[in-house]
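Colleague: pasting the structure only:
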């Protein structure tokens, strides 16, 4: 085993098998897939409470200490592509970019090229993190393809580990702007009766649930109250549009960072995001609540109206607190202008 293995403890109510428990509890920033974890177990790279375990079916318990030695990175197979990037900040250890809507973060079977990683491979050249099994940009968090905004990637292994710890401990600041149906309000009895929904001072909507993949649609996430991964979202109404209130501009803050978290949580609260083809639902504001132009703009918006507007974190090497803001993209800003008009 190496001198600095990835180390974490098994959380409460673990699956009975080691491989499934690791898949659930391994820090997201480690970028270790279920397949890669199974391979690391078989290769003897996993210790549980100090003992090497090579059987993925081995039992584990809450509180067990897991150490995973990730071998030195190999050469990446992903193609470097010359794709324009909106670089907000860059130094020898990390890079912050303002990702446009429509760009996938990491190559996948349906999107092998044209991704942010393809662009970073070209932009960064040889100065890349090797965490995760191959030399590549250290992706420690992601935003959905059709979500715009700020994302940080590691260029060095030390930055990757440091950033991953912050995202794992939820100490990074992440603020999103969203357009949602309706205007969430603490006086709404429907919201007060929705499980997992509460309000904090200042009319801040708090949504606390578990999230996991949908049982029948693997492309969706589902709200649970048993099993899954703990997720907390807070949303505050910045502006409410229409009479009666038909659409709101929300400031959403993530306490945790799960797949599709804001989109799923707002839909659970009955305030799905404008343009969201998966979770937005069929809700429509009253035709006379908004101007004709605003109404048309809303239903011409073909992606979820969600923008990662603020990203703050401690520089993993210098210790300096960095905070970045990204303006709204033109399509989002255009709808907002019509709503205000």
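Modeller: Sure, I can see it. Given the structure is predicted, the values throughout are model-derived calculations rather than measurements.

Colleague: so where do the helices sit in the protein?
Modeller: Under the criterion DSSP state H, the chain contains helices at 18-25, 34-42, 116-124, 157-169, 189-192, 261-268, 292-299, 330-340.

Colleague: so how many other residues sit close to residue 66?
Modeller: Burial measure for residue 66: 21 neighbouring residues, criterion other Cβ atoms under 10 Å. Where C-beta positions appear, they are placed from N, C-alpha and C, glycine not excepted.

Colleague: beta-bridge partners for it, please?
Modeller: Beta bridges link residue 66 to residue 8, residue 48, judged by DSSP bridges.

Colleague: thought it was touching residue 24?
Modeller: No - judged on Cβ atoms under 8 Å, residue 66 makes no contact with residue 24 at a distance of 11.4 Å.

Colleague: among the helices and strands of this protein, which has the poorest mean pLDDT?
Modeller: Every helix and strand in the chain was compared by mean pLDDT, DSSP states H and E; the lowest is strand 138-139, with a mean of 82.

Colleague: what's it packed up against?
Modeller: strand 148-154, helix 157-169 (3 or more Cβ pairs under 8 Å, 6 or more residues apart in numbering; DSSP states H and E).

Colleague: rank these by pLDDT, which is bottom?
Modeller: Of all those, the minimum mean pLDDT falls on helix 157-169 (a mean of 87).

Colleague: so what's the gap between that one and the chain middle?
Modeller: Put simply, helix 157-169 sits 15 Å off its chain's centre (Cα atoms, centre = their mean, to the nearest Å).

Colleague: what's the angle between it and strand 148-154?
Modeller: Relative orientation of helix 157-169 and strand 148-154, computed by axes from the mean of the first three to the mean of the last three Cα atoms, to 10 degrees: 130 degrees.

Colleague: list the buried ones in helix 157-169?
Modeller: Buried residues in helix 157-169, counting neighbours by 16 or more other Cβ atoms under 10 Å, are found at 157-168.

Colleague: and if you look at stretch 33-44?
Modeller: Along stretch 33-44, the positions that meet the burial threshold by neighbour count (16+ other Cβ under 10 Å) are 36-38, 40-41.

Colleague: ok, stretch 198-211 next?
Modeller: When neighbours are counted by 16+ other Cβ under 10 Å, the buried residues of stretch 198-211 are found to be 199, 204-211.

Colleague: paired strands for the least confident helix or strand of the chain, with orientation please.
Modeller: On the basis of DSSP bridges, the sheet neighbours of strand 138-139 come out as strand 148-154 (antiparallel).

Colleague: the strand it pairs with to helix 330-340, inter-axis angle?
Modeller: For the pair strand 148-154 and helix 330-340, the angle between their directions (the same axes, to 10 degrees) equals 140 degrees.

Colleague: the longest strand seen in the chain pairs with which strands, parallel or anti?
Modeller: Determined from DSSP state E, the single longest strand within the chain is strand 229-241. Within its sheet, and counting by DSSP bridges, strand 229-241 is paired with strand 204-213 (antiparallel), strand 247-254 (antiparallel).

Colleague: state the mean pLDDT of it.
Modeller: Strand 229-241 shows a mean pLDDT of 96 in the predicted model.

Colleague: out of the strands paired with strand 229-241, nearest to residue 86?
Modeller: With distances scored as Cβ to Cβ, the stretch of the strands paired with strand 229-241 nearest to residue 86 is strand 247-254 (21.7 Å).

Colleague: any idea how far residue 7 lies from residue 279?
Modeller: Taking Cβ to Cβ, to the nearest Å as the measure, residue 7 falls 35 Å from residue 279.

Colleague: which of those two has more neighbours?
Modeller: When residue 7 and residue 279 are compared on other Cβ under 10 Å, the one with more neighbours turns out to be residue 279, at 18 against 11.

Colleague: now do the same contact list for the closest residue to the more buried one other than its chain neighbours.
Modeller: Nearest-residue entry for residue 279: residue 267, 4.0 Å, with adjacent residues in sequence omitted and distances by Cβ to Cβ, 6 or more residues apart in numbering. With contact taken as Cβ atoms under 8 Å, 6 or more residues apart in numbering, residue 267 is in contact with 273, 276, 279-281.

Colleague: narrow those residues to just the buried residues.
Modeller: Among these, the ones that count as buried by 16+ other Cβ under 10 Å are 273, 276, 279-280.

Colleague: quick one: contacts of stretch 329-341?
Modeller: Outside of stretch 329-341, the residues that reach it under the criterion Cβ under 8 Å, 6+ apart are 100-101, 148, 177, 179, 239, 241, 247, 249, 274, 290-291, 293-294, 297-298, 301, 303, 305, 307, 327-328.
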